[in-house]
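1. got a sequence here, can you model it:
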Amino acid sequence: MSKLDLIVEPCDFKAAKYAVTHWHYSKSMPTPPVIKFGVWELGTFVGCVLFSRGANKNLGKKHGLDVTQVCELTRVALNEHMSNVSQIVSMALRSLKKSQSIRLVYSYADPHEGHHGGIYQAMNWIYTGETPSGYKYEDTTGRIWHQRQVSSSGWKLQYGEMRKVPVISECKKVFQPGKHRYLYPLDRAMRRQIEPLAQPYPKRADVGKMESRVGSTD
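-> Next up is the predicted model:
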């Protein structure tokens, strides 16, 4: 497949949401603001790559970066496709670098979902270890919620307004192992700053799972 047959360009919210709800295990859009890139093969829409600020507003503080200079790769949502995931993400990163002031990208591989970060390793991302383990909450429908998305009263202040949320006592507490953390600098100076943090890449826990499976962000 030639490069001309693969297109990674900005897309609208509707297209991104369709890809995430149909082809990503989370079934949910990340918290805005979101930078959205659609993926087309031979003229057919096959998914999206999304970047956002993630859950941590101080993500770049330790690197001397403000919120406009760091982001998180939060979704790689793909239908059946022919191109390598690493090629698709690389094209999205090049477009991100050209269109934004961002200097550093974070991403996480979740062992709970069978991910170890093989795609990031293939792209020479810098591995900096695991995040601390923690807990999430599973409601009566089986949906998993972050600790910040539940409360004892069933209401919580979110984005400046009180919203109805799952009640902690009606949920099941679910242990979450730490996630593998990867960093991708978008300029040479930032790479020199980040490289001393590098640790050996983790190995795949389950060799039976394919890196390029549909909806994987690994």
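
2. report all helices and strands that the host helix or strand of R94 contacts.
-> R94 belongs to helix 85-99 when assigned by DSSP states H and E. With contacts taken as 3 or more C-beta pairs under 8 Å, 6 or more residues apart in numbering; DSSP states H and E, helix 85-99 sits against strand 6-10, strand 34-41, strand 44-52, strand 70-78, helix 118-122. In short, each C-beta sits where N, CA and C put it, glycine included.

3. which outside residues touch it?
-> The set of residues external to helix 85-99 that reach it, using C-beta atoms under 8 Å, 6 or more residues apart in numbering, is 6, 8-10, 35, 37, 39, 47, 49, 51, 71, 73, 76, 78, 81, 102, 105, 119, 122-123, 184, 186, 211-212, 216.

4. SS state for M82?
-> In terms of secondary structure, M82 is coil; the call rests on DSSP: H, G, I helix; E, B strand; the rest coil.

5. okay, and the helix or strand of this structure with the least pLDDT?
-> With mean pLDDT, DSSP states H and E as the measure, the helix or strand of the chain carrying the lowest mean pLDDT is strand 155-158 (a mean of 83).

6. centre of the chain to it, how far?
-> In terms of C-alpha atoms, centre = their mean, to the nearest Å, the centre of strand 155-158 is found 24 Å from the chain centre.

7. and stretch 171-183, by the same measure?
-> Here the centre of mass of C-alpha atoms in stretch 171-183, compared against the chain's by C-alpha atoms, centre = their mean, lies 13 Å away.
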